[in-house]
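**Q** Here's a sequence, model it:
(one chain, ligands or ions: 1)
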Amino acid sequence: MAEDPNSWETATRLIRGGLARSPHGETSEPIYLTQSFVYDTAESADARFAGTEPGYVYARYGNPTVKMFEDRLALLEGAQACRATASGMAAVHMAISGLVRAGDHIVSSKALFGSCRWILNTWAPRFGVETTLVDGPDLAAWRGAVRPNTKLFFMETPANPLLEISDIAGVCAIAREIGASVVVDNVFATPIFQSPLKLGADIVVYSATKHIDGQGRVLGGAILGDSVLMEEAYKDLARHTGPALSPFNAWVLLKGLETLDLRVRRQTETAAVLADLIADHAKVVSCRYPGRPDHPQFEVAARQMNGGGNEMGGSSLIAFDLGSREAAFRFLNHLQLVDISNNLGDAKSMATHPPTTTHRSMTEEQRLEIGLTSGWVRLSVGLEGARDLARDLERALDAA
Ligand SMILES: *Cc1c(COP(=O)(O)O)cnc(C)c1O
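**A** Numbers count the residues shown, from 1 in each chain. Purely as a prediction, here's the structure:
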């Protein structure tokens with residue numbers, strides 16, 4: 001009898017999950033670079049469109065390479081269903097818009113990726129959906145923001161860029177009481193270190209562009225959850241609005257998944273060492289790392305980001321305050337190994353100044369609301385040698 005993939009360890013899921021070999025028996029997953037599909041008979045086309053015969057009809061609806069990526073990620077996440085999208089933002093947009101309609105209300109943590117904030121603050125109101133932004137770690141604030149028409153809770157945890165942590169199980173308990181759904185953007189934690197569905201979330205979204213690719217190549221995204229909810233909320237929406245992932249990009253992401261566990265664990269191991277070095281440096285006003293006891297939500301991080309027994313509150317990202325924009329720029333400009341880049345989760349270590357890059361579309365006032373003053377730097381730790389990275393960071397910190 002065939003093995004049950006649900007009995008596999010994470011590492012096995014990442015290599016074997018979703019694998020659907022063609023009759024050629026290729027080793028590596030095939031790339032089905034095709035838009036459409038052909039049918040033996042008119043009756044067969046009729047049956048495929050009716051959904052009474054299994055099989056593909058059009059790549060906007062589904063594609064075998066994309067399906068392998070979806071199945072592998074679903075197996076990793078422990079989700080019944082997965083829908084891949086062309087980017088992380090396509091996933092966030094679809095995840096939200098499939099769950100609300102005009103007159104509904106959303107509560108969201110206010111520390112968010114800039115584009116997520118734009119969807120909630122600027123785009124959704126055009127369709128009659130209002131959002132109240134709350135301080136993510138403050139459970140009383142979530143409860144206090146609830147209105148009779150609240151249908152959705154949205155959060156990013158750890159949040160970009162200051163790695164603030166919301167209590168997923170706590171927020172989900174409030175949502176259950178009022179019958180709202182919970183969507184968690186799990187990009188920073190990765191599926192290796194945090195499983196929001198197991199903590200009570202209804203939907204998890206990813207930008208696969210980040211750690212899942214992890215090698216700077218393609219954009220991608222995914223929405224995961226229970227199959228009934230996924231079908232109701234997203235099946236028609238995805239078919240008719242077309243955020244489909246390209247089969248080629250799906251293949252790149254499948255290959256990314258094979259090494260995800262290895263990469264993210266190594267990156268996090270190095271990050272834990274570097275976070276201590278950064279925190280102890282005289283030029284650093286404040287350092288935020290979920291694995292350090294001085295992180296304001298360390299206890300929550302330790303509880304919900306345990307990554308299968310990993311004690312580090314796993315994160316490959318570190319944020320630190322150098323006191324001023326000038327000091328942050330001096331630091332960035334003195335890096336020799338670490339790249340200045342707004343991407344994250346990559347094999348190459350990257351640092352950015354969020355106030356002038358990823359979070360520049362926010363007003364100064366909005367930035368201050370989330371504690372993002374002008375001296376903060378976000379570091380995404382890659383796969384280079386820890387000693388080389390430490391030397392580079394020390395030199396640049398000295399110069400800051
Ligand atoms: C990058 C990112 C996104 C958007 O993903 P893209 O693939 O760039 O569209 C959404 N949420 C978070 C937390 C991100 O870091």
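
**Q** Let me see the contact set for the residue of the chain found nearest the ligand.
**A** Distances between the chain and the ligand by Cβ to the nearest ligand atom are smallest at residue 88, namely 2.2 Å. Placement of C-beta: from N, CA and C, glycine included. Applying Cβ atoms under 8 Å, 6 or more residues apart in numbering, we find residue 88 in contact with 187, 205-210, 219-221.

**Q** Can you lay out those as TSV showing pLDDT, distance to residue 147 and secondary structure?
**A** Output for those, formatted as TSV (pLDDT from 0 to 100; distance: Cβ to Cβ, whole Å; DSSP: H, G, I helix; E, B strand; the rest coil):
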residue	pLDDT	distance to residue 147	secondary structure
187	96	28	coil
205	98	24	strand
206	98	29	strand
207	98	29	strand
208	98	34	coil
209	98	34	helix
210	97	33	helix
219	98	35	coil
220	98	35	coil
221	98	29	strand
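
**Q** Run through those and flag the ones next to the ligand.
**A** 187, 207, 209-210, 219, 221 (Cβ under 6 Å from any ligand atom).

**Q** what bits of the stretch 51-200 of the chain have low per-residue confidence?
**A** Along the stretch 51-200 of the chain, no part satisfies pLDDT under 70.

**Q** which bits of it sit near the ligand?
**A** Contact residues (Cβ under 6 Å from any ligand atom) of the stretch 51-200 of the chain with the ligand: 87-89, 92, 113, 116, 156, 160, 185, 187-188.

**Q** ok so, going back, next, give me the two most distant ones among the ones next to the ligand among the contacts of residue 88.
**A** 187 and 219 (12.8 Å; Cβ to Cβ).

**Q** So for the two, which residue has more residues nearby?
**A** residue 187 (28 against 18; other Cβ atoms under 10 Å).

**Q** all strands for the protein, in order.
**A** 81-85, 105-109, 130-134, 150-156, 181-185, 203-207, 221-225, 286-288, 317-321, 339-340, 350-352, 376-380 (DSSP state E).

**Q** which strands and helices sit next to the shortest one?
**A** The one in question is strand 339-340. Contacts defined by 3 or more Cβ pairs under 8 Å, 6 or more residues apart in numbering; DSSP states H and E place strand 339-340 against strand 350-352.

**Q** Mind telling me the two of the contacts of residue 88 farthest from one another?
**A** 205 and 219 (14.0 Å).

**Q** Helices along the stretch 201-350 of the chain, start to end?
**A** 227-230, 236-241, 247-258, 260-280, 298-304, 325-333 (DSSP state H, counting those that start in this stretch).

**Q** tell me how far the shortest one is from the chain's mean position?
**A** What it means is helix 227-230. 20 Å (Cα atoms, centre = their mean, to the nearest Å).

**Q** Now the closest residue to residue 346 other than its chain neighbours, what are its backbone angles?
**A** Closest residue to residue 346 apart from its sequence neighbours, by Cβ to Cβ, 6 or more residues apart in numbering: residue 216 at 5.2 Å. Backbone geometry at residue 216, expressed as degrees, to the nearest 10, gives phi 70, psi 30.

**Q** Now do residue 216 against residue 209, distance only.
**A** 9 Å (Cβ to Cβ, to the nearest Å).

**Q** Now for the two: what residues contact both?
**A** In terms of Cβ under 8 Å, 6+ apart, residue 216 and residue 209 are both contacted by the residues residue 343.

**Q** When those two are compared, which one has more neighbours?
**A** Between residue 216 and residue 209, residue 209 has the larger neighbour count (other Cβ under 10 Å), namely 25 against 15.

**Q** Please name the residues that touch that one.
**A** Neighbours of residue 209 in contact, by Cβ under 8 Å, 6+ apart: 87-88, 218-221, 343, 345.

**Q** now do 10 Å
**A** 87-89, 187, 216-221, 249, 253, 256, 343-346 (Cβ atoms under 10 Å, 6 or more residues apart in numbering).

**Q** Great, nothing more from me.
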